[in-house]
Each structure stands twice: as structure tokens, then as C-alpha cells.
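**Student:** Using only what follows, build the 3D model:
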Amino acid sequence: MITVYVRVFATLRRHFPNLKLGEAMPVELPEGATVGQLVEHLGLPADEVKVVFVNGIVRGVESPLAAGDEVGIFPPVGGG
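**Tutor:** Coordinates of the predicted model:
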């Protein structure tokens, strides 16, 4: 097993109401888990996830995760 540290942002925070603003949650996953598997493990609807950063770099759903990775998950964001 590996542990990664996940922060969820904007509207995705509603899925984790006990998480404080900016707080990272430790998540245990099997060795070789991918970004997509993390999103699924967290129970986040895939269509609500727009961008995932791993250690500050944008990664796709097939990207593997490693122990200690810091992951930021963002929904689509609009503005003007």
C-alpha cells in the first residue's frame, strides 16, 4: 500500500464536508494505483473532475501515483 495526500478544491469539497479548507487528507491505495483509480476510490464523479495535479504537475487519469505524492483535484472552473 502507498499513502498519497489529497486536496480537493471548489465544488468538489462538498463531497468531504469534514475536511477543513486547504487540508490534505491521507489516502491509502494499492501500489501502482493511478490518478483515475484515486478519483474512483474517493467516490468523485469523473465528469466533475477537470484537472488533477500531482506534485504540482498536471497528470492524466492513467498516471501512476507513488508514496508521498501530493495530489490536487479541481472541478471545471468558470469565470469572467
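**Student:** Correct me if wrong: V27 contacts L38.
**Tutor:** Yes: applying Cβ atoms under 8 Å, one finds V27 in contact with L38, separated by 6.7 Å. Using the backbone N, CA and C atoms, a C-beta is placed for each residue, glycine as well.
**Student:** of these two, who's got more company?
**Tutor:** Legend: neighbour count by other Cβ atoms under 10 Å for V27 and L38, higher for L38 (23 against 17).
**Student:** Who are the contact partners of L42?
**Tutor:** Counting by Cβ atoms under 8 Å, 6 or more residues apart in numbering, L42 touches 6, 8, 15, 27, 73.
**Student:** rewinding a little: mutual contacts of V27 and L38, please.
**Tutor:** Common neighbours of V27 and L38 (criterion: Cβ under 8 Å, 6+ apart): 4, 6.
**Student:** Just the strands from this structure, written as ranges.
**Tutor:** Using DSSP state E, the strands assigned to the chain run over residues 2-8, 25-29, 51-54, 57-59, 70-74.
**Student:** Quick one: mean pLDDT over the shortest one.
**Tutor:** Per-residue pLDDT values over strand 57-59 give a mean of 97.
**Student:** packing partners for that strand?
**Tutor:** With contacts taken as 3 or more Cβ pairs under 8 Å, 6 or more residues apart in numbering; DSSP states H and E, strand 57-59 sits against strand 51-54.
**Student:** want to throw the strands of the chain into TSV with distance to P45?
**Tutor:** Formatted as TSV, these follow (distance: least, Cβ to Cβ, whole Å):
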stretch	distance to P45
strand 2-8	12
strand 25-29	17
strand 51-54	14
strand 57-59	19
strand 70-74	12
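**Student:** one step back: quick check: the two most widely separated of the contacts of L42?
**Tutor:** In the contacts of L42, the most distant members under the criterion Cβ to Cβ are H15 and V27, with 12.9 Å between them.
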